[in-house]
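Chemist: The following comprises the amino acid sequence and a computationally predicted model.
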4 protein chains.
Amino acid sequence: MKIALFVEMAPGMRAGECREAYPEGMQNCLKAMLEAAGHRVTLVEQDENGDGAAMAAAVGDADVAYWWGHGLHQKVSDAAADAVVRAVWRGMGLVCLHSSHLSKPFLRLIGTDGTLCWREAGENERLWVVDPAHPIAAGLPPTVEIEREEMYGEPFGIPQPDELVFLGWYKGGEVFRSGCVFRRGRGKVFYFQPGHETYPNYKLPDVRRILLNAAEYLRCPAKAAADAECPCVPPKETL
Amino acid sequence: MKIALFVEMAPGMRAGECREAYPEGMQNCLKAMLEAAGHRVTLVEQDENGDGAAMAAAVGDADVAYWWGHGLHQKVSDAAADAVVRAVWRGMGLVCLHSSHLSKPFLRLIGTDGTLCWREAGENERLWVVDPAHPIAAGLPPTVEIEREEMYGEPFGIPQPDELVFLGWYKGGEVFRSGCVFRRGRGKVFYFQPGHETYPNYKLPDVRRILLNAAEYLRCPAKAAADAECPCVPPKETL
Amino acid sequence: MKIALFVEMAPGMRAGECREAYPEGMQNCLKAMLEAAGHRVTLVEQDENGDGAAMAAAVGDADVAYWWGHGLHQKVSDAAADAVVRAVWRGMGLVCLHSSHLSKPFLRLIGTDGTLCWREAGENERLWVVDPAHPIAAGLPPTVEIEREEMYGEPFGIPQPDELVFLGWYKGGEVFRSGCVFRRGRGKVFYFQPGHETYPNYKLPDVRRILLNAAEYLRCPAKAAADAECPCVPPKETL
Amino acid sequence: MKIALFVEMAPGMRAGECREAYPEGMQNCLKAMLEAAGHRVTLVEQDENGDGAAMAAAVGDADVAYWWGHGLHQKVSDAAADAVVRAVWRGMGLVCLHSSHLSKPFLRLIGTDGTLCWREAGENERLWVVDPAHPIAAGLPPTVEIEREEMYGEPFGIPQPDELVFLGWYKGGEVFRSGCVFRRGRGKVFYFQPGHETYPNYKLPDVRRILLNAAEYLRCPAKAAADAECPCVPPKETL
């Protein structure tokens, strides 16, 4: 399918720990994974000068979009965020990764503030599959072990998800709704918490399986051709 | 309790059919009803020059806000809409009336496009109570009969409501999720469909009961003092 | 896929108005429709002496089961109802048709009393698609017109459905949540209201499309081989 | 309010570790707590010969019932379980404590199998409040620390709860949806996981606060006088 991949490329993403975790670049790691599964991927790298316009274009005909952003959320223009949101309403799937909990598209789609508590301690996380028959969990063992990850903890400022797939356990004492589906219009949004830029967790086989399952699950077979309208209608003739 | 009441006063609201329906003005009808129930009401009338700033101020310490808007939604500034949204996240209740389905605060809180189909035929509507034990339906008969109302019909562009209280039936052949609660942060949002400006339906005893019940139900006993943050936290000592 | 089809055959089902509506028998109409779509169907006809044991056997390896019952609900043994319920928990889909809202399997799966109001007036019903992107609504127009159907009206004694697909409008003044999905264990349950035995509505193309879509949607790709247990587990080694 | 308190008294409950944890008896600890809050409590102690008939009587006019059972679930007769279920449908609140996840009333109300994994290691549990404005969490700190508790872990065989209040973290590596509300008919069911009989956790101030908050939250102001029926209704006259 057609996939739009948005990755925020702040300067630090190309150096130091990030470079160690992903010598090829996290954005290219994700792109290669999606392409190897047969998808056509449009990668949008956003640096500090970017306003998201390229992503707004890419979502025009994407089946599913992946969004990874962190420190540059406010650089994304309202217009670009709106383009993503409207694409979801028309049926595009959207996977919001890790710190995208504060991205403009995610916040506009969920309607809450997306807050959480966090700690960058590189500690052990364990994802528990709470809905074993959910298509996003297909092929997974009961738990996914992640050796080191940033901690994201409750209370998470989201509405009740329509589907709760994963709960995260952290050695340091926190829990998190780490995998949640929200239905919005014809589209579905999947928030998935792992993916701090300094740990190569998008190379873990089970995490990759989750990301690829998500593409299949989020694809809408009945996308709308245009934005919905509020039509004035005549009375229906009843039989 | 403290209530902020927002009513859009486009020129037509003070003349013609609107004046016939509400000689005292719809805004004053609602205000008097709320005051008679013991509430302290701050009424914000928004004309074509208003940008919602007065409402942004009024929600600062309101327990519950009522919002009635129609043709001037886009005049409300993003900043004013955000102020209402943030007040909800901190615990303020919000009642969105009738054509407020396209108001900025409602759309930002639900995360969808709020579309519907409509017809201004002054036809018979019947509200069915689908959750008879819901506090917003307290004291109501099984149905609320409305002689004439604008038709708002499905599909309604909302996420699955957290609580569905009323379904509307229209003589012309449509149905609608006419009363829905959405939980967002510490606050709750109640969308209630009746209330076209040319029919005096906010004078109907059952409709008034619903509006007053809503104030009680939406009041949050544990409002947050300030916007939530994303705190960095140390590891918890475990026992 | 493998489908188990349960149809209650009270004496009236083979005579009079039922015979006029379905000269071939409603059970055979449904069976032929499912077979024409490529499914392998085990039909279980239950007369007044039946206790559901044949259905309990048929669900053993069914992907999806359809259940149509009316006046003989209490003849179905608790053991047979439990077998159906357990099959759902392991991942079987279950379509509960029309008056199956009071069948033992449906009530045990939803956990409420399934009550509603009704009227056998052969009046016009219109189904509204409220979730146009839902797979069960694939290929449908915005409304499905049914010339004559028994009226089933709110309040419907169900929990909040996980997915609301159809709302029904009746000329006589009622509304109904006519198509609802409930997720239970690894299985999904779809309640679909049309299907009174004296109107040949299972011959309507749109209704047939709904029933066939449901089979696809309810099929679980990850059925459990056996009933779930409550295992005692050792502590997990953390990294 | 009027409260019915069901506690299963297997022989072990009056001796050994249970006696050490609750010298006065766990049942009396709970009763005293509820009475100190001003409630009128009917305590039903069920031993190995009991079939739950006394509880069936006690729920007749109770506002809220608490149920603690463990090894004798199958001794409770179907008729007694049904009486509790019907009382919930009419509006009684039901608090299901700890191992009541496998009690007959809970399973009939949720419609799933209630399975989980467990470990009796007396390990540290931490409850996280995920919905800080929920009335059941009123007055609580962000976490409730429990020094020793039996571990109950995911996947928990429940439907999506209508409200998720607490998530549990266990030192041994598991997580759990430890506090969930399910709406069923006019009643609400609150499942609360802590309360193994050998740890005196019902003496912890925060746990007691949760249990008392639950009574207030679950009380239905609009209980039905009798079981709901499926009435045949005439067409409504439309205006």
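Modeler: Noted; the coordinates are in hand. Residues are numbered from 1 along each chain as shown, chains lettered A, B, ... in the order given.
Chemist: Let me see the ranges of the helices in chain A.
Modeler: The residue ranges that make up the helices of chain A, judged by DSSP state H, are A:16-21, A:26-36, A:53-58, A:78-90, A:104-110, A:205-218.
Chemist: Need the pLDDT of the residue lying closest to residue A:92 once chain neighbours are set aside.
Modeler: Spatially, and ignoring its direct neighbours in sequence, residue A:92 is nearest to residue A:187 (5.2 Å; Cβ to Cβ, 6 or more residues apart in numbering or on different chains). The C-beta positions use only the backbone N, C-alpha and C, and glycine is treated the same way. For residue A:187, the pLDDT comes out at 98.
Chemist: follow-up on the earlier one: closest to residue D:234 out of the helices of chain A?
Modeler: Judged by Cβ to Cβ, the one of those that comes nearest to residue D:234 is helix A:78-90, at 42.2 Å.
Chemist: so does that closest one get close to chain B?
Modeler: Yes: in this structure, helix A:78-90 sits against chain B according to Cβ under 8 Å from any Cβ of the partner chain; the contacting residues are A:78, A:86, A:89.
Chemist: nearest residue to residue A:173 other than its sequence neighbours?
Modeler: Taking Cβ to Cβ, 6+ apart as the measure, residue A:173 lies nearest to residue B:236, with 3.5 Å between them; neighbours along the chain are not counted.
Chemist: ugh, wrong one, I meant residue A:84
Modeler: In space, residue A:84 is closest to residue A:105, 4.1 Å off (Cβ to Cβ, 6+ apart).
Chemist: in the sheet, who's paired with the residue nearest to residue A:92?
Modeler: As for beta bridges, residue A:187 partners with residue A:184 under DSSP bridges.
Chemist: how about the residues of chain A near chain D?
Modeler: Counting by Cβ under 8 Å from any Cβ, the residues of chain A near chain D are A:126, A:128-132, A:142, A:153-156, A:160, A:163-164, A:167-170, A:173-175, A:177.
Chemist: send the alpha carbons of the longest strand seen in chain A over as PDB?
Modeler: As assigned by DSSP state E, the longest strand anywhere in chain A is strand A:117-129. C-alpha atoms of strand A:117-129 as PDB (Å, rounded to 0.1, in the frame of the first residue of the first chain):
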ATOM      1  CA  CYS A 117       5.100  11.500  32.900                       C
ATOM      2  CA  TRP A 118       8.500  10.300  31.600                       C
ATOM      3  CA  ARG A 119      12.000   9.400  32.600                       C
ATOM      4  CA  GLU A 120      15.000   8.800  30.200                       C
ATOM      5  CA  ALA A 121      16.700   6.100  32.200                       C
ATOM      6  CA  GLY A 122      17.100   3.400  29.500                       C
ATOM      7  CA  GLU A 123      15.300   1.000  31.700                       C
ATOM      8  CA  ASN A 124      13.600  -2.300  30.900                       C
ATOM      9  CA  GLU A 125      10.100  -2.200  29.500                       C
ATOM     10  CA  ARG A 126       7.700  -5.100  29.000                       C
ATOM     11  CA  LEU A 127       4.700  -4.800  26.700                       C
ATOM     12  CA  TRP A 128       1.800  -7.000  27.700                       C
ATOM     13  CA  VAL A 129      -0.700  -8.000  25.000                       C
END
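Chemist: I'd like the distance between the closest residue in space to residue A:193 that isn't next to it in sequence and residue A:134.
Modeler: Across the structure, with Cβ to Cβ, 6+ apart as the measure, the residue nearest residue A:193 apart from its sequence neighbours is residue A:178 (4.0 Å). To residue A:134, residue A:178 is 13 Å away according to Cβ to Cβ, to the nearest Å.
Chemist: list residues touching both of these two?
Modeler: Common contact partners of residue A:178 and residue A:134 (Cβ atoms under 8 Å, 6 or more residues apart in numbering or on different chains): none.
Chemist: tell me which helix or strand of chain A sits lowest on mean pLDDT?
Modeler: The helix or strand of chain A with the poorest confidence is strand A:117-129; it has a mean of 94 (mean pLDDT, DSSP states H and E).
Chemist: buried residues in that one?
Modeler: A:117-119, A:123-129 (16 or more other Cβ atoms under 10 Å in any protein chain shown).
Chemist: and what of stretch A:5-18?
Modeler: Applying a neighbour-count criterion of 16+ other Cβ under 10 Å, one finds A:5-10, A:13, A:18 buried in stretch A:5-18.
Chemist: picking up where we left off before, elements contacting the least confident helix or strand of chain A?
Modeler: When contacts are defined as 3 or more Cβ pairs under 8 Å, 6 or more residues apart in numbering or on different chains; DSSP states H and E, strand A:117-129 sits against strand A:143-153, strand A:163-170, strand A:175-184.
Chemist: one step back: so the residue nearest to residue A:173 touches residue A:174, yeah?
Modeler: Yes: in this structure residue B:236 lies within contact range of residue A:174 using Cβ atoms under 8 Å: 7.3 Å.
Chemist: That's all I had, so thanks and see you.
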